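Asker: based on what follows, work out the 3D shape:
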Amino acid sequence: MLCATGASRGLIDRGPVHPREVFADALADRASAAIVAHNHPTGQLDPSLGDVNVTAQFKAADAIVGIELLDPIIFNRTGYFSFLEDGKL
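Answerer: Purely as a prediction, here's the structure:
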């Protein structure tokens, strides 16, 4: 089962995100896996250092809570970047 979680509002170059909030709805729904996604309003699709770091935090958390992180995805109006497809998961 996959579930959608609420959005977080942030600044132009970063937003507050914590594995606790990301996995909260998935835990409540007893999901076995999750896909997380966020936009880059500037249009840049390459992951930032912050994106890479938070993905590592999510992967560490998924092992603890038992909800597999299938793919973190970055998107803009014209495309997307998949950590899984790019071999960065």
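Asker: next one: the residue most central in space within the chain, what pLDDT does it get?
Answerer: For the chain, the residue sitting closest to the mean C-alpha position, by Cα atoms, centre = their mean, is Val36 at 3.3 Å. Listed pLDDT for Val36 reads 90.
Asker: count of neighbours near Asp29?
Answerer: Burial of Asp29 is recorded as 15 neighbouring residues (other Cβ atoms under 10 Å). From N, CA and C alone the C-beta is placed, and that goes for glycine too.
Asker: for the residue nearest to the centre of the chain, phi and psi?
Answerer: phi -110, psi 150 (degrees, to the nearest 10).
Asker: immediately after the helix or strand containing Ile35, which helix or strand?
Answerer: Applying DSSP states H and E as the criterion places Ile35 in strand 33-39. Downstream of strand 33-39, the first helix or strand assigned by DSSP H and E is helix 49-65.
Asker: which outside residues touch that following helix?
Answerer: 14, 17, 19, 22-23, 27, 34, 36, 47, 68-69, 72, 74, 83, 88-89 (Cβ atoms under 8 Å, 6 or more residues apart in numbering).
Asker: which among those count as buried?
Answerer: 17, 19, 22-23, 34, 36, 47, 69, 72, 74, 83 (16 or more other Cβ atoms under 10 Å).
Asker: export these to TSV and tack on distance to Thr55 and secondary structure?
Answerer: Shown next, in TSV, are the buried ones among the contacts of helix 49-65 (distance: Cβ to Cβ, whole Å; DSSP: H, G, I helix; E, B strand; the rest coil):
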residue	distance to Thr55	secondary structure
Val17	10	coil
Pro19	11	helix
Val22	11	helix
Phe23	14	helix
Ala34	12	strand
Val36	8	strand
Pro47	7	coil
Leu69	8	strand
Pro72	5	strand
Ile74	10	strand
Phe83	6	coil
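Asker: neighbouring strands - and their directions - for the helix or strand hosting Leu70?
Answerer: Assigned by DSSP H and E, Leu70 belongs to strand 68-75. If you go by DSSP bridges, strand 68-75 pairs up with strand 33-39 (parallel), strand 80-82 (antiparallel).
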